[in-house]
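*Asks:* Let's see this in three dimensions:
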Amino acid sequence: MQEVLVIGGSRYFGKRLIERLRDAGDAVTVVNRGSSAPPPGVRHLVADRDDEAGLGAALGGRGFDVVIDQVLYTPVQAAAAERVFRGRTGRYVMTSTIEVYSPLTAEAPLTEAAADPAHTAVQLDLPWERPEFVEANYGEGKRQAEAVLAASTSLPYAAVRTAHVLGGGAEDFTGRLGHYVDRIRAGEPVAVHPDSRPSSFIHYEEIAEFLAWTAGQSFTGPVNACSDGELDVTALTELIAARTGGRPLYGPPGAEPSPFSFDHYYGMDNSRAKQLGHTFSHIDDWLPGVIADAAPARQN
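*Replies:* As a prediction, the model looks like this:
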């Protein structure tokens, strides 16, 4: 049994992660601002992770075998976490993102070395306290957060670079699949690049499983987490259209292309995770079920 602290993540796949850890016999504590309660059988601490002193006070003298940070977005937050958790845990796992690769162009799946935290400049003086700035610089914030943890000599870390997470129905927490379902059913065009390129994806249950697995491992550094196989936006649109009985219409991307429409190749290589002992599903194993959940049959 491990003592595991999860920062944030009481909703969507974060909730699945917490349940997996609990059901595996770990003693799980969740810390968040109190906006959502964790599942039963989990200790709950209330603190704002951006209030460094308040977070430390809420933790008291507690230590943890593993900390899993689901809401680490900026280098400022990472620097504060390094100070708060130094000496409290032997392993710090942050949920990172495929978007750390967003400024890169490639023709083959990207390995972790393509975005090396050791070679990422950290800019703590940028306006990371402004939510609109963090949202507009999501990938950069994650890159720099990884770099802060990588530079620490006292906080062993792993950064799980999560592919685009897909789930249907209530698990479509970004609303991205709903965007396609709604437009196809309304006969409205989907704005995509004329030569859209594929990217990597992962099912919401599988990323929860991977994060729980990572908590029990000892490796450090970044690791890509994605299902085998890739998907481009046109194929996704056609599958949704087949499910809904609609006919997909396409328009130019304009300033706001539809979700998952990329004008450059955007796939990840998951070889490192496999070499460490994890097995991934293939996207074809779960995508039909996700689309069925996203586009339930109409009631007559």
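*Asks:* helices and strands around the lowest-mean-pLDDT helix or strand in the chain, which ones?
*Replies:* Each helix and strand of the chain was given a mean pLDDT (mean pLDDT, DSSP states H and E); the minimum falls on strand 250-251 at a mean of 84. If contacts are counted by 3 or more C-beta pairs under 8 Å, 6 or more residues apart in numbering; DSSP states H and E, strand 250-251 sits against strand 190-191. For the C-beta atoms, the positions are set from N, CA and C on the backbone; glycine is no exception.
*Asks:* Quick one: the helices in the stretch 1-150 of the chain, in order.
*Replies:* For the stretch 1-150 of the chain, the helices defined by DSSP state H, counting those that start in this stretch cover 13-23, 52-59, 75-85, 131-136, 138-151.
*Asks:* a markdown table for these, including mean neighbour count, distance to Phe260 and mean pLDDT?
*Replies:* Listed next are these as a markdown table, based on neighbours: other C-beta atoms under 10 Å; distance: least, C-beta to C-beta, whole Å; pLDDT from 0 to 100:
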| stretch | mean neighbour count | distance to Phe260 | mean pLDDT |
| --- | --- | --- | --- |
| helix 13-23 | 21 | 18 | 92 |
| helix 52-59 | 15 | 35 | 94 |
| helix 75-85 | 21 | 27 | 96 |
| helix 131-136 | 12 | 18 | 95 |
| helix 138-151 | 23 | 15 | 96 |
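*Asks:* Of the ones you listed, which is nearest Ser261?
*Replies:* helix 138-151 (16.7 Å; C-beta to C-beta).
*Asks:* Each with direction, which strands does the following helix or strand past the closest one pair with?
*Replies:* Following helix 138-151 in sequence order, the next helix or strand is strand 157-162 (DSSP states H and E). Within its sheet, strand 157-162 is paired with strand 92-97 (parallel), strand 221-225 (parallel), according to DSSP bridges.
*Asks:* Most tightly packed of the ones you listed?
*Replies:* strand 92-97 (a mean of 26; mean count of other C-beta atoms under 10 Å).
*Asks:* what's the average pLDDT for that strand?
*Replies:* The average of the pLDDT scores along strand 92-97 is 96.
*Asks:* Same question for stretch 190-205.
*Replies:* Average pLDDT, stretch 190-205: 91.
*Asks:* how about that stretch: buried residues?
*Replies:* For stretch 190-205, the neighbour count (16 or more other C-beta atoms under 10 Å) marks 190-193, 196-205 as buried.
*Asks:* and what of stretch 20-33?
*Replies:* Arg20, Leu21, Arg22, Asp26, Ala27, Val28, Thr29, Val30, Val31, Asn32.
*Asks:* which other residues reach it?
*Replies:* For stretch 20-33, contacts defined as C-beta atoms under 8 Å, 6 or more residues apart in numbering pick out 1-10, 18, 38-39, 41-49, 55, 58-59, 62, 64, 208-209, 212, 215.
*Asks:* and the residues you listed, which are buried?
*Replies:* Buried members of the contacts of stretch 20-33, counted by 16+ other C-beta under 10 Å: 2-10, 18, 38, 42, 45, 47, 49, 55, 59, 64, 208-209, 212, 215.
*Asks:* Which members of the residues you listed occur in strands, if any?
*Replies:* In strands, judged by DSSP state E, the following of those are found: Glu3, Val4, Leu5, Val6, Ile7, Leu45.
*Asks:* and those residues, which two are the farthest apart?
*Replies:* Spatially, the most separated pair among those is Glu3 and Ile7, at 14.0 Å (C-beta to C-beta).
*Asks:* Next, the nearest residue to Gly216 once chain neighbours are set aside: phi, psi?
*Replies:* Spatial nearest neighbour of Gly216, chain neighbours left out: Gln2 (7.2 Å); criterion: C-beta to C-beta, 6 or more residues apart in numbering. Dihedral pair for Gln2: phi -110, psi 150, per degrees, to the nearest 10.
*Asks:* wait, Gln2 sits on Ala212?
*Replies:* No: using C-beta atoms under 8 Å, Gln2 makes no contact with Ala212, being 10.6 Å away.
*Asks:* on that earlier part again, turn the helices of the stretch 1-150 of the chain into JSON lines, including distance to Leu231.
*Replies:* Formatted as JSON lines, the helices of the stretch 1-150 of the chain follow (distance: least, C-beta to C-beta, whole Å):
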{"stretch": "helix 13-23", "distance to Leu231": "18"}
{"stretch": "helix 52-59", "distance to Leu231": "38"}
{"stretch": "helix 75-85", "distance to Leu231": "31"}
{"stretch": "helix 131-136", "distance to Leu231": "25"}
{"stretch": "helix 138-151", "distance to Leu231": "20"}
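*Asks:* who wins for proximity to Asp285 among the ones you listed?
*Replies:* Short answer: helix 13-23, nearest of the helices of the stretch 1-150 of the chain by C-beta to C-beta, at 17.0 Å.
*Asks:* Great, nothing more from me.
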